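# just the structure for this:
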Amino acid sequence: MVFEQLKAIQMLDVRVPTTDGRWLHMARYTQPDKNPAVLLAQLGMQLPMQPPPKIEFREGSHTRSCGEDLRE
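Numbering: from 1, shown residues only. Next up is the predicted model:
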């Protein structure tokens, strides 16, 4: 029963190409519905914060935090 409720929380990777040939990469998880949220609270657990988006170059070998290139 516990695992049935918690398996509704899913992790996914969103990758979107940019107009300059890079990729916007966002790892995201779904927000729990009421029952899994109550269960997490009863267990004293909480989901981690969503990780920040990353910009990935075409070859995929180098990543930066989103907007980092604007500070250069």
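
# gap between the host helix or strand of residue 39 and the chain center?
Secondary structure from DSSP states H and E places residue 39 in helix 34-42. Remark: helix 34-42 is offset 20 Å from the chain centroid, using Cα atoms, centre = their mean, to the nearest Å.

# same check on stretch 30-37?
Worked out by Cα atoms, centre = their mean, stretch 30-37 lies 16 Å from the chain centre.

# how long is that stretch end to end?
Using Cα to Cα, to the nearest Å, the span of stretch 30-37 from its first residue to its last is 11 Å.

# counting by contacts, list what the helix holding residue 39 packs against.
Helix 34-42 is packed against helix 2-6, with contacts defined by 3 or more Cβ pairs under 8 Å, 6 or more residues apart in numbering; DSSP states H and E. Yep, even glycine has a C-beta here, placed from its N, CA and C like the rest.

# secondary structure class for the most centrally placed residue in the chain?
Centroid-nearest residue in the chain: residue 28, 2.1 Å away (criterion: Cα atoms, centre = their mean). Three-state call for residue 28 (DSSP: H, G, I helix; E, B strand; the rest coil): strand.

# who does it bridge with?
Here residue 28 sits in beta bridges with residue 12, going by DSSP bridges.

# is it true that it touches residue 10?
No: between residue 28 and residue 10 there is no contact under Cβ atoms under 8 Å: 9.2 Å.

# tell me the confidence at the residue nearest to the centre of the chain?
Per-residue confidence (pLDDT) for residue 28: 90.

# cool, and residue 41?
pLDDT, read off for residue 41, is 93.

# just residue 1 next, same as before
pLDDT, the model's per-residue confidence, is 74 for residue 1.

# could you check how far it is from residue 45?
16 Å (Cβ to Cβ, to the nearest Å).
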